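**Q** predicted structure and sequence below. I'll ask about it afterward.
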Amino acid sequence: MADPLVIETSDLRKRYGAAEALRGLALAVPKGSIFGFLGRNGAGKTTTIKILLGMAHASGGDARVFGLPAGSPAAGVEIRRRTGFAGEEKDLYDYMTVAEIVRFTAAFYPRWRRDLEQRYRRAFDLPADRKVKALSRGMRTKLALLLALSRGAELLVLDEPTSGLDPAASEEVLQALVSHVGSEEMTVFFSSHQIADVEQIADRIAIVDRGRTVVAGSLDDMRASYRRIQFVFAGDAPEMTFRAPGVVRTHRQGRVWSVLASGGADAIVEEARALHPVSVDVMPVALKDIFLETVAAED
Amino acid sequence: MLFRPNPSLGVPIYLQLMEQVKHAIETGALQPGDQLPGIRPLAEELVINPNTVAKAYRELEHEGVVELRHGAGAFVAGNARARKVADSLRAGQATVAAAIARLRARGLTDDEIRRLFEAELEGRRNTGGRNG
C-alpha cells in the first residue's frame, strides 16, 4: 500500500510564548483515507490544522500538504486552493441567506461543483431563503460542509465537524462524508474528540496528546492487534516486568493483573504463564479504551 | 438490514462484515448468484468507510465466497455454501486445539479431556460445573 501522502508532518512544534502547543507532532495521511485526528480539548488539534492551512506558523519541524511546504506563503495559496475547510466555529456570513452564501462562495471557486451543491442541498434539506443567523447549529454545520464539499477540493479538512450536534444530525454529517469519499477521489482529515464518530467512519487515526502523536495507524489493524489480557492469580498478583514487546499499560489490583497490549498478546500470555495464573482472559479492545489508556489524565 | 457491523466491538469492521455476509449465506438469506449491495450504497447505508466495504469484498473474493464481476458488482459465488462449511470445520479445529492446549496447561490428562468432550457432547453436566 504505497498510497502517496496527502498530509505529512514530522517533529512539528509550535510555541505560544511559554506554552508549547505542539511538541514534535508526526502525521502521515495517505491519499483516499478518512483520517480521524483524535485528542482531548487543547491537545493541539486546531493548532495543527491552522499550520497545515498556512493560518499559523510552526516554530519548528516540517509540515507538508500535497508535498508542498505549508509554511511557505506561495505554497499556502496552492494548498488552500485544493483544500476544503470547515472550522469548528463554522464562520459564515450571518446576514446572507443560504442561497446567497452558496452563490457567493461558488463565485470564488472555478471548479465549483454544481452537481454536488444540488446533491447536498437536497440531502441536508437546507431552507434556501433562511438567513444564516437563523439556522440551527446542525443546519449551520451542514451548510459549512456543503460549501466545503462543493468546491471540488482534493482534501477536506474539518475541525470537530460533529461537535454540538445531536445524534441524528451527526449521523447525517458522517453519512455525507462517507458518501463523498465513495464517489469522489478525496481525502478527509477531521479532528474530533467524539470517539464513536471516529471509529465509525475513519480508516486511519492518530491520537494526539499534549502536542505529540501517541498512537497512529490503521483502525482495523489496531482492532486486530490491541488486546486486554487479564490474569487472575491465587494470591496477590506478583510484580513483573515483561520482556515481550507490545505492553502499553499494566494495572495490578489484588489478585487481578490487567495488561493492555498493542500487539503480541500470545507472547505476553506465554511469558506470564511462568507465574502460574489461575485464569487468563484475552479480550478485544475498543478505541475508547485505547484512547483513555494512552492519553494522560488531566493534571 | 442484513449487515450491521459494530465499530466499537474491537474487531476489524471488514472482518465483521465478512462474517455477516458468510452468515447470510449460511442461513440462506443470500443465495448463490445473488448480488451484494454496491460498495458506496452499503457504505452510505451503514455509515462506514467505503474502503472498509471494498476490503471486505476483496477478501471475500479471495476466499471464493463472492465473485467480483467487473463493472457489475459483487455476487455470491456458486459454491459459497460448501466453502463455508469447510471454513467452519477449519475454524472449529483451531478452537478445539486451543481448548485442549488450555486444559492440558491446567494439568488434565488426555483421557480426562476426552471424557469432558464426550460428556459435553452427550449433554451430561456431571463434570463439576462449567466454570471450573
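**A** Structure's in. What do you need?
**Q** residues of chain A that sit close to chain B?
**A** A:32-34, A:171, A:174-175, A:178-179, A:181-183, A:196, A:199-203, A:219-221, A:223-224, A:226, A:273, A:283-288 (CB under 8 Å from any CB of the partner chain). C-beta: built from backbone N, CA, C; applies to glycine.
**Q** helices along the chain, start to end?
**A** Unless you meant another one, I'm taking chain A. Taking DSSP state H, the helices of chain A run over residues A:45-52, A:73-81, A:98-106, A:114-124, A:137-149, A:167-183, A:195-201, A:219-225, A:265-273, A:287-294.
**Q** try again with chain B
**A** Counting by DSSP H, the helices of chain B are B:13-27, B:39-46, B:50-62, B:80-105, B:110-122.
**Q** quick one: A:Ala63 from A:Asp236, how far?
**A** Counting by CB to CB, to the nearest Å, the gap from A:Ala63 to A:Asp236 is 49 Å.
**Q** oops, could you answer that again for A:Gln194 instead?
**A** For A:Gln194 relative to A:Asp236 (CB to CB), the value is 39 Å.
**Q** so between those two, which is more surrounded?
**A** More neighbours surround A:Gln194 than the other of A:Gln194 and A:Asp236, with 18 against 12 (other CB atoms under 10 Å in any protein chain shown).
**Q** with adjacent residues omitted, what lies nearest to the closest residue to chain B within the stretch 151-299 of chain A?
**A** When scored by CB to the nearest CB, the stretch 151-299 of chain A has A:Pro284 as its residue closest to chain B, at 3.0 Å. Counting by CB to CB, 6 or more residues apart in numbering or on different chains, the nearest residue to A:Pro284 once its immediate chain neighbours are dropped is B:Gly10, at 3.0 Å.
**Q** check A:Asp166 too.
**A** Spatial nearest neighbour of A:Asp166, excluding adjacent residues (CB to CB, 6+ apart): A:Gly138 at 6.6 Å.
**Q** how much space between the one you found and chain B?
**A** Counting by CB to the nearest CB, to the nearest Å, the separation of A:Gly138 from chain B is 16 Å.
**Q** OK, contacts around residue 113?
**A** Assuming you mean chain A. A:Ser150, A:Arg151, A:Gly152 (CB atoms under 8 Å, 6 or more residues apart in numbering or on different chains).
**Q** chain B was what I was after
**A** By CB under 8 Å, 6+ apart, the residues touching B:Ile113 are B:Ile100, B:Leu103, B:Arg104.
**Q** can you rerun that using 7 Å?
**A** B:Ile100, B:Leu103 (CB atoms under 7 Å, 6 or more residues apart in numbering or on different chains).
**Q** and the gap between it and B:Thr95?
**A** Applying CB to CB to B:Ile113 and B:Thr95 gives a distance of 14 Å.
**Q** same check, this time on A:Ala272
**A** Distance of A:Ala272 to B:Thr95, computed by CB to CB: 22 Å.
**Q** next: A:Leu158.
**A** A:Leu158 is 43 Å from B:Thr95, by CB to CB.
**Q** that'll do, ta.
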